[in-house]
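Asker: give me a model of this one.
(one chain, ligands or ions: 1)
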Amino acid sequence: MTAYETEPGRLFIGGRWREAADGARADVVDPSRGAVVTTVAEAGPADVDAAVRAARQAYDDGAWSGLSGRERGRILHRVAELIRANADELAALESLDVGKPITLCRAVDVTNAANDYEHCAALAHSLHGAQRDTPLNALAYTRREPLGVVAAITPFNFPLILAGSKIGPALAAGNTVVHKPADETPLSALYMARLLTEAGVPDGVVNVVTGTGPVAGEALLRHPGVDKIAFTGSTAVGRHAASVAGEALKPVTMELGGNAAHLVFADADLEKTVGAVIKAFVFNTGQFCMGGPRLLVARPVHDTLLSILADAVPGVPVGDPRRPETVVGPMAGEKHLKKVEEYVELARKEGGRIVCGGERLDLDGGYYYRPTVIAGLPNDSRVVQEEIFGPVLTVQPFDSEDEAVALANSTPYGLASGIQTRDLARAHRVAGRLKAGIVWINDWAMLDPAVPFGGVKDSGFGREYGPEALAAYTQVKSVVVSLD
Ligand code: NAD
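Answerer: The predicted structure is shown next:
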């Protein structure tokens with residue numbers, strides 16, 4: 001029996017599996033075949049209300065928030081161990097749901113999720129306030145306290161990792177959580193509800209409501225019982241979520257869209273650069289907020305790199321995500337495939353030259369698109385400026401370091417960026433000038449739970465991973481004790 005058949009596909013509220021109040025269910029589609037594989041409950045406002053109430057009750061009864069950081073850390077450590085013990089099933093589930101290559105699911109999604117819970121366990125151990133030196137005749141100290149009920153809303157592309165990057169620090173700090181995964185990819189969230197319970201997380205501390213954004217997501221955003229909103233998704237929905245939170249004066253973290261530039265200087269090691277460039281734009285079939293879809297190349301090496309890419313990219317293995325050699329699987333849904341097709345069509349109209357790819361791959365009825373390289377587009381082209389979120393790379397030349405930085409910073413986004421150079425001084429100088437939450441030098445997608453990531457400009461605000469993430473799930477209280 002496969003993992004998705006063992007999961008109940010119901011809502012997880014107050015430690016119990018239950019159907020939606022109105023009995024609604026939604027299909028879950030395997031993107032590698034375009035076929036329905038199972039259904040899950042579709043939460044309505046009444047279900048969201050029940051989940052928030054369960055989280056509130058669990059918070060107020062202190063069964064979690066009243067534990068010491070070390071006790072919470074011990075349980076989070078067990079979560080990491082359970083993820084590792086169930087790695088094969090979790091990887092298979094994530095691959096089935098999102099269409100990710102199974103090799104990627106094991107090496108990246110499952111591994112990072114386990115590492116993140118382990119990291120959060122350590123953070124829980126080290127949660128502390130500080131005594132403050134003051135001329136008052138008083139003992140003054142700070143306490144780091146949880147915020148209460150956290151609404152975690154996550155996107156379709158890294159369901160396991162991005163749920164963990166919210167639930168992990170939220171739990172480490174003593175909060176309770178209502179998680180709404182993306183409607184397209186809900187399966188690993190339900191699986192994790194079972195593992196969290198098995199690890200010892202008390203009933204009601206983590207609740208999972210599967211459902212659509214406009215109904216379940218909106219009800220969660222607007223629920224007065226929620227104390228903090230942790231959102232990852234598109235800039236458009238994030239803007240809306242932030243405005244709802246602003247009206248209610250609730251703290252938010254916003255992890256939004258990206259459109260990163262990858263700068264290749266003339267002194268770069270071109271052999272290594274090619275690997276990094278391909279990884280940056282095909283990783284997760286280009287459905288990677290921190291992907292590198294905009295390649296900026298110093299003019300002296302522009303044509304050489306373009307012709308190396310023209311040869312290498314068609315050789316990237318695209319196909320069935322269950323095969324271990326597959327590097328690029330299908331897009332996660334038909335609407336994402338159509339969006340990519342529209343952008344490539346637009347590129348043709350805007351005068352772009354399709355160097356390779358530029359079409360679907362017909363395979364088993366799945367949502368496949370060939371990795372595509374486009375040259376010759378002007379910088380103000382929509383294809384360059386907007387987030388395509390597919391395996392598409394645009395390539396532009398530059399003539400100076402200043403021009404490279406200006407082009408890199410010219411979109412509304414600022415999530416990630418990358419530099420290829422052998423010049424150490426240039427690497428650090430340019431890293432400081434790029435408007436982005438993370439800069440990779442001489443490789444791409446080097447991610448670890450100890451290293452914070454997040455956006456500037458339209459890519460959002462707040463950081464996930466690292467101690468910065470824990471700070472976003474706590475508030476400081478000062479206590480001043482008279483010594484008179
Ligand atoms: P999306 O914005 O469509 O959906 C994200 C989540 O919000 C989903 O759970 C969705 O159901 C929910 N939602 C939609 N409408 C809502 C509403 N009115 N109220 C409350 N919730 C609502 O994003 P997506 O298509 O799932 O994900 C892709 C986007 O996410 C891309 O833009 C990508 O760059 C971004 N992303 C950002 C990061 C990051 O760390 N910055 C990471 C991954 C993905």
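Asker: who touches the residue most central in space within the chain in this structure?
Answerer: The centroid of the chain falls nearest to Leu162 when counting by Cα atoms, centre = their mean (4.4 Å). Contacts for Leu162 (Cβ atoms under 8 Å, 6 or more residues apart in numbering) come out as 154-155, 232, 255. Backbone N, C-alpha and C define where each C-beta goes, glycine included.
Asker: ok, now with 10 Å
Answerer: Contacts for Leu162 (Cβ atoms under 10 Å, 6 or more residues apart in numbering) come out as 109, 113, 116, 152-156, 181-182, 230, 232-233, 255, 289, 464.
Asker: so what's the gap between the strand or helix carrying it and the chain middle?
Answerer: Here Leu162 sits within helix 159-172, counting by DSSP states H and E. In this view, helix 159-172 has its centroid 10 Å away from the chain centroid, taken as Cα atoms, centre = their mean, to the nearest Å.
Asker: any idea which helix or strand comes after that helix?
Answerer: Downstream of helix 159-172, the next assigned helix or strand under DSSP H and E is strand 176-180.
Asker: so what does that next one touch, helix or strand wise?
Answerer: strand 11-13, helix 45-60, strand 149-153, helix 159-172, helix 187-199, strand 206-208, helix 218-222, strand 228-232 (3 or more Cβ pairs under 10 Å, 6 or more residues apart in numbering; DSSP states H and E).
Asker: what does the stretch 301-450 of the chain have sitting close to the ligand?
Answerer: Counting by Cβ under 6 Å from any ligand atom, the residues of the stretch 301-450 of the chain close to the ligand are 387, 389, 415.
Asker: neighbours of the closest residue to the second one other than its chain neighbours, how many?
Answerer: Meaning Phe389. Residue nearest to Phe389 in three dimensions, not counting chain neighbours: Gln287, with 5.5 Å by Cβ to Cβ, 6 or more residues apart in numbering. Gln287 has 24 neighbours, counted by other Cβ atoms under 10 Å.
Asker: pull the contacting residues for Gln287.
Answerer: With Cβ under 10 Å, 6+ apart, Gln287 has these contacts: 98-100, 155-158, 329, 331-333, 336, 340, 388-391.
Asker: how about the residues of the stretch 51-200 of the chain by the ligand?
Answerer: 153-158, 162, 180, 182-183.
Asker: list buried residues within those.
Answerer: The neighbour count (16 or more other Cβ atoms under 10 Å) marks 153-158, 162, 180, 182-183 as buried among those.
Asker: using JSON lines, lay out these together with pLDDT.
Answerer: As requested, these are arranged in JSON lines below (pLDDT from 0 to 100):
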{"residue": "Ile153", "pLDDT": "99"}
{"residue": "Thr154", "pLDDT": "98"}
{"residue": "Pro155", "pLDDT": "98"}
{"residue": "Phe156", "pLDDT": "98"}
{"residue": "Asn157", "pLDDT": "98"}
{"residue": "Phe158", "pLDDT": "98"}
{"residue": "Leu162", "pLDDT": "98"}
{"residue": "Lys180", "pLDDT": "98"}
{"residue": "Ala182", "pLDDT": "98"}
{"residue": "Asp183", "pLDDT": "97"}
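Asker: of all those residues, which comes closest to the ligand?
Answerer: Pro155 (3.0 Å; Cβ to the nearest ligand atom).
Asker: work out for me the element that closest one sits within.
Answerer: Here Pro155 sits in a region with no helix or strand, counting by DSSP H and E.
Asker: phi and psi next, for the nearest residue to it once chain neighbours are set aside.
Answerer: Spatial nearest neighbour of Pro155, chain neighbours left out: Gly233 (4.5 Å); criterion: Cβ to Cβ, 6+ apart. Backbone torsions of Gly233, given as degrees, to the nearest 10, read phi 170, psi -160.
Asker: burial check on Gly233, number of neighbours?
Answerer: When counting by other Cβ under 10 Å, one arrives at 24 neighbours for Gly233.
Asker: cool, and the one 3 residues further on?
Answerer: Using other Cβ under 10 Å, Ala236 has 11 neighbouring residues.
Asker: sec struct for it, please.
Answerer: The three-state label for Ala236, taken from DSSP: H, G, I helix; E, B strand; the rest coil, comes out as helix.
Asker: ok, now which ones touch it?
Answerer: Contacts of Ala236 by Cβ under 10 Å, 6+ apart are 256-257, 458.
Asker: which member of the residues you listed is positioned nearest the ligand?
Answerer: Closest to the ligand out of those is Gly257 (3.4 Å), distances taken as Cβ to the nearest ligand atom.
Asker: right, and the closest one touches Phe288 too?
Answerer: No. Proximity of Gly257 to Phe288 does not meet the contact threshold set by Cβ atoms under 10 Å, at 11.1 Å.
Asker: and for the two, which residues touch both?
Answerer: Jointly contacting Gly257 and Phe288 under the rule Cβ under 10 Å, 6+ apart are 389, 415.
Asker: could you pull out the helices for the stretch 301-450 of the chain?
Answerer: Using DSSP state H, counting those that start in this stretch, the helices found in the stretch 301-450 of the chain span residues 334-349, 382-385, 401-408, 424-433.
Asker: make TSV out of these and add mean neighbour count.
Answerer: Formatted as TSV, these follow (neighbours: other Cβ atoms under 10 Å):
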stretch	mean neighbour count
helix 334-349	17
helix 382-385	19
helix 401-408	18
helix 424-433	14
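Asker: now those helices as a markdown table including distance to Asn175 and mean pLDDT?
Answerer: Shown next, in a markdown table, are these (distance: least, Cβ to Cβ, whole Å; pLDDT from 0 to 100):
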| stretch | distance to Asn175 | mean pLDDT |
| --- | --- | --- |
| helix 334-349 | 32 | 98 |
| helix 382-385 | 37 | 98 |
| helix 401-408 | 37 | 98 |
| helix 424-433 | 34 | 98 |
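Asker: which of those helices sits closest to Trp64?
Answerer: Among the helices of the stretch 301-450 of the chain, the nearest to Trp64 by Cβ to Cβ is helix 334-349 (36.7 Å).
Asker: list the helices and strands that closest one packs on?
Answerer: The elements that helix 334-349 packs onto, with contact taken as 3+ Cβ pairs under 10 Å, 6+ apart, are strand 353-356, strand 360-361, strand 368-369, strand 372-375, helix 382-385, strand 392-398.
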